[in-house]
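A.B. asks: can you look at this prediction? I've put the sequence above it.
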Amino acid sequence: MRLLIIEDDRDAADYLAKAFREVGHVADLAADGEEGLAQALDGQYDVLIVDRMLPKLDGLTVIGTLRSKGIETPALILSALGQVDDRVKGLRAGGDDYLPKPYSFSELLARTEVLARRRGGREETVYRVGDLELDRLSHQVTRAGDEIVLQPREFRLLEYLMKHAGQVVTRTMLLENVWDYHFDPQTNVIDVHISRLRSKIDKGFAQALLHTVRGAGYVIRDSK
Amino acid sequence: MTALGKLLRTTAFKLTLVYLTVFALFAAFLLVYFAWNTRRLITEQITQTVDAEITGLAEQYRQGGIRRLVFVVDARSRRPGSSLYLVTTRAGEGLAGNVGSLATGILETPGWTETAYRRLDDPDGAEHEALIRVFQLPSGFRLLVGRDLEERERLHDIVLAAGRWSLAIVIVLGVAGGFFVTRRVLKRVDAMTDTTRKIMDGDLAGRLPIAGTGDELDRLATNLNAMLERIEGLMYGFKEVSDNIAHDLKTPLTRLRNRCEEALRLAEDESQYRAALESTIEESDALIRTFNALLMIARAESGQARDGMTEFDAAEIARGVGELYEPLADEKGIQLKVEAPAAAPVHGNRELISQALANLVDNAIKYGAPDGAGGANGAAAEIVVKAVGDGDRILLAVADGGHGIPEADRGRAVERFVRLEQSRSKPGSGLGLSLASAVARLHGGELKLEDNHPGLKTVISLPRAPSVAAAS
């Protein structure tokens, strides 16, 4: 995955670049809005990571300009402003995701990878992971042919996980996308939902599909 | 600026001048019109009278010749209050009449003229003005008939004098009145200006004086006072918040630092360093969460969140939060129920209300069930999340069956970082109730802690949003 990181804080930028490279991605850096815009227009990036407050040209303007030129590269906005209205503003300006600072790198990584894959644009009606099948239209879930009954929320949770099959999905992402909540529940409510789901789709089957990734989140994948 | 200068530049005074000018012009116009028309009327009357006389006299001349004419003119001249008559030969010799001397050349000019004259019986007296008509008789004699203009001129003078006097009085009264009124207005405005200056210099409690007349200045003052009230509140809020935040964050930061220092001192191998680093990250995360919660409380208290307000259904929020926490409650042997039968419209910040309710539910799960499954009286532990209407208010309530909070402690429990005895051992930031309380207040409501017999019932009371026409 090729990334462009537009961040004026030297330390943060270097840290991110190094962290992404360690995981096997390519990361380019830009230190201000103008440079970032120029590079984004030129290079072919999979995801842009844009700090909101930038010298010369602020992050939202950079993204807005790209969008007005028809460049649809997914953009993740990093910002110290973390309230819902700031998030809404960021997304409205053309951003695809919004992560308030401070963030954990695993959160950033998970979201970036999800954004990168989104470019595929395929909208399938049936998700498959291993022998687990989820039909988005009929809301039926089966594993090895046997039907599994899920509550509506459990269904949505599984749907989101399977949509990003093979990618790490963090608790915050789940809270935002499955529950539409943007606050931080102090306790790990999500974990319990996951374990309930796990008991329905993994218990009794030889192979576990829903895995916990320590310090990051969850992933559903066929570990063959 | 001198006091007089200030006075002259006020809107009130300028307005007075404008009105004064308009009225004066109008009054002057009226006067002139009146004077001109009366003058014209009188002149018309005179000309009509004189014409009639001349026609009559000409007839006399025709009937009886010059002798007859002279006779008639003589008779008429002697009557008191009569018109002016003069009959002359072609050469200008007077034959009859009461006109003594005339301005030269008048007799040569036929038709109407205004001229000075003297009366025959008063040759050395003053000159008068008359409107005369000279008529040429066929045999060369000349007939002159006219009337004195004294009346007309006198009326004219009276009207003009009246006009001048009244104009003068109007102007004087107007300006004086203007001064007087303006001075009063200026005094009130100056009082307000003084107060605002004092307020800006730092006396935040200052308020504008209200005269009690209910006029526009009073209304302005009342509204400005309300604004000052809010600003004062906000300023104190900010000050308090920044004081609190500084204080509240120093403790965990110090703790963090100490742990790191300790690790540097005591750790010997990689696994110990690793453990220290991991614990540092954990502490930092907890600190960040605390900081975010404090920030949210600050936003709620300072009214910043007012911009993000929309109308939504609190019942929906209750169902959502209940559904989110239900598995967690279940795992602890608590049954979580949601009672939200009807729509509960509120106008507010969705995120904050959700967070507040979540905090209450979280608390109920953490502290609302006595240790071990089963409630105090042996029944299954239960938490009920309710969203109900109560007249013009909407109540979001979380009721549990735990130990509750003794009435004496309820006030304290809402303060920041207060952990009551029974909960000190459990993890948590101590900010849950503070945030819920701040959010309730932001929305014009309040957080109440009540006895649930047994247990605790926390209620967020919010004003009900005015009902909107049912959409799709």
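C.D. replies: Yep, that arrived. Residues are numbered from 1 along each chain as shown, chains lettered A, B, ... in the order given.
A.B. asks: what strand or helix carries the residue located most distally from the centre of chain B?
C.D. replies: Centroid-distance maximum for chain B: residue B:67 at 88.6 Å, with CA atoms, centre = their mean. Following DSSP states H and E, one finds residue B:67 within helix B:11-78.
A.B. asks: what pLDDT, on average, does that helix get?
C.D. replies: Taken as a whole, helix B:11-78 has a mean pLDDT of 87.
A.B. asks: check which helices and strands that helix sits against.
C.D. replies: Judged by 3 or more CB pairs under 8 Å, 6 or more residues apart in numbering or on different chains; DSSP states H and E, the packing partners of helix B:11-78 are strand B:84-88, strand B:94-97, strand B:128-136, strand B:142-148, helix B:150-200. No exception for glycine: its C-beta is placed from N, CA and C like everyone else's.
A.B. asks: switch the cut-off to 10 Å
C.D. replies: On a contact count with 3 or more CB pairs under 10 Å, 6 or more residues apart in numbering or on different chains; DSSP states H and E, helix B:11-78 meets helix B:3-9, strand B:84-88, strand B:94-97, strand B:111-119, strand B:128-136, strand B:142-148, helix B:150-200.
A.B. asks: that older thread, the residue farthest from the centre of chain B and residue A:5: what is the separation?
C.D. replies: 134 Å (CB to CB, to the nearest Å).
A.B. asks: ok, residue B:316 next?
C.D. replies: Counting by CB to CB, the gap from residue B:316 to residue A:5 is 39 Å.
A.B. asks: what about those two, which has more around it?
C.D. replies: Legend: neighbour count by other CB atoms under 10 Å in any protein chain shown for residue B:316 and residue A:5, higher for residue A:5 (25 against 15).
A.B. asks: let me know the pLDDT of the nearest residue to the more buried one once chain neighbours are set aside.
C.D. replies: In space, and not counting its chain neighbours, residue A:5 is closest to residue A:49: 4.7 Å by CB to CB, 6 or more residues apart in numbering or on different chains. pLDDT, residue A:49: 95.
A.B. asks: that's a helix at residue A:49, yeah?
C.D. replies: No. Residue A:49 is assigned strand when assessed by DSSP: H, G, I helix; E, B strand; the rest coil, not a helix.
A.B. asks: and the helix or strand that residue B:329 is a member of, anywhere near chain A?
C.D. replies: Residue B:329 is part of helix B:314-331 when elements are defined by DSSP H and E. Yes. Residues of helix B:314-331 contacting chain A under CB under 10 Å from any CB of the partner chain: B:320-321, B:323-331.
A.B. asks: just the buried residues out of those residues, in PyMOL syntax.
C.D. replies: Burial among the residues of helix B:314-331 next to chain A is assessed by 16 or more other CB atoms under 10 Å in any protein chain shown; the matching PyMOL selection reads:
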select buried, chain B and resi 320+321+323+324+325+326+327+328+329
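A.B. asks: can you pull the contacts of residue B:144?
C.D. replies: B:50, B:54, B:73, B:84-88, B:94, B:97, B:99, B:102, B:106-107, B:113, B:115, B:117, B:130, B:132-135 (CB atoms under 10 Å, 6 or more residues apart in numbering or on different chains).
A.B. asks: do that again at 8 Å, thanks
C.D. replies: B:84-88, B:97, B:99, B:106-107, B:132-135 (CB atoms under 8 Å, 6 or more residues apart in numbering or on different chains).
A.B. asks: out of those residues, who's the most crowded?
C.D. replies: When neighbours are taken as other CB under 10 Å, the top entry among the contacts of residue B:144 is residue B:132 (28 neighbours).
A.B. asks: who does that residue form a beta bridge with?
C.D. replies: Note on residue B:132: beta-bridge partners by DSSP bridges are residue B:113, residue B:146.
A.B. asks: could you report the pLDDT at it?
C.D. replies: Reported pLDDT for residue B:132: 84.
A.B. asks: hang on, it packs against residue B:115?
C.D. replies: Yes. Contact criterion CB atoms under 8 Å: residue B:132 and residue B:115 qualify, at 6.1 Å.
A.B. asks: contacts only, for residue 43.
C.D. replies: By default, I'm working from chain A. By CB under 8 Å, 6+ apart, the neighbours of residue A:43 are A:2, A:4, A:28.
A.B. asks: switch to chain B, that's the one I care about
C.D. replies: By CB under 8 Å, 6+ apart, the residues touching residue B:43 are B:131, B:152.
A.B. asks: how much space separates it from chain A?
C.D. replies: 84 Å (CB to the nearest CB, to the nearest Å).
A.B. asks: how far off strand A:47-51 does the lowest-mean-pLDDT helix or strand in chain A point, in degrees?
C.D. replies: Using mean pLDDT, DSSP states H and E, the weakest-scoring helix or strand in chain A turns out to be helix A:84-92, at a mean of 84. Computed by axes from the mean of the first three to the mean of the last three CA atoms, to 10 degrees, the angle separating helix A:84-92 from strand A:47-51 equals 140 degrees.
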